[in-house]
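# 3D, please:
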Amino acid sequence: MGNETTNQAQQRVATDEAPAALGAYSQAVKANGFVFVSGQLGLDPATGELAGPSAGEQARQALRNIAGILRAAESDMSRVVRATIYLADIADFSEVDAVYAEVFDSGVRPARVAIGGNAIPKGALVEIDAIALA
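Prediction:
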């Protein structure tokens, strides 16, 4: 898979390095100098199963999925400017934040929002989306 041009301003981004979309959306869209990555669950792209039972394990895999999508878009995690973390239980915030901090450990950390109390598809504990520079 790779990038598919839909018009001059937008490109669909798709890769096998992340799980296929669960609905009617793209893994990411590249437009106007940015890459808009759809929410990623902690699903292992090889098995389609959650990477583990903890929010931290799922967050680590979600971030790996985002990294794979960004590679397909010719970008990377150092270019992420904004992220949103959706948590099923806000009590998991510290565990997820620690994993997030491992990935974004230097330079300008992305602006971010974390929201708890979410019903996330597939019974996941965490979902993360991102916006990066292309």
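
# Pull the number of nearby residues for the nearest residue to Ala124 once chain neighbours are set aside.
Leaving aside its sequence neighbours, Ala124 sits nearest to Leu41 (CB to CB, 6 or more residues apart in numbering; 4.4 Å). C-betas here are computed from N, CA, C, even on glycine. When neighbours are defined as other CB atoms under 10 Å, Leu41 has 24 of them.

# so who does Leu41 touch?
Neighbour list for Leu41: Pro19, Leu50, Gln58, Gln61, Ala62, Asn65, Ile120, Pro121, Lys122, Ala124, Val126, Glu127 [criterion: CB atoms under 8 Å, 6 or more residues apart in numbering].

# Now the buried members of those.
Pro19, Leu50, Gln58, Gln61, Ala62, Asn65, Ile120, Ala124, Val126, Glu127 (16 or more other CB atoms under 10 Å).

# So which of the residues you listed is the closest to Val13?
Closest approach between those and Val13, by CB to CB: Asn65, at 12.2 Å.

# can you pull the buried residues of the host helix or strand of that closest one?
Using DSSP states H and E, Asn65 sits in helix 55-72. The neighbour-count check on helix 55-72 (16+ other CB under 10 Å) flags 55-70, 72 as buried.

# Take the contacts of Leu41 and write them to CSV, including distance to Gly107.
Formatted as CSV, the contacts of Leu41 follow (distance: CB to CB, whole Å):
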residue, distance to Gly107
Pro19, 28
Leu50, 30
Gln58, 25
Gln61, 23
Ala62, 20
Asn65, 21
Ile120, 29
Pro121, 32
Lys122, 32
Ala124, 28
Val126, 23
Glu127, 24
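
# closest to Ala114 among the residues you listed?
Closest approach between these and Ala114, by CB to CB: Val126, at 9.6 Å.

# Quick one: residues contacting that closest one.
So Val126 contacts 41-42, 55, 58-59, 62, 85-88, 92, 96, 120 (CB under 8 Å, 6+ apart).

# ok, 10 Å please
39-42, 50, 54-63, 85-89, 92-93, 95-96, 99-100, 114, 118, 120 (CB atoms under 10 Å, 6 or more residues apart in numbering).

# my guess is Ala132 contacts Ala72, does it?
No: with contact defined as CB atoms under 10 Å, Ala132 and Ala72 do not form a contacting pair (11.8 Å).
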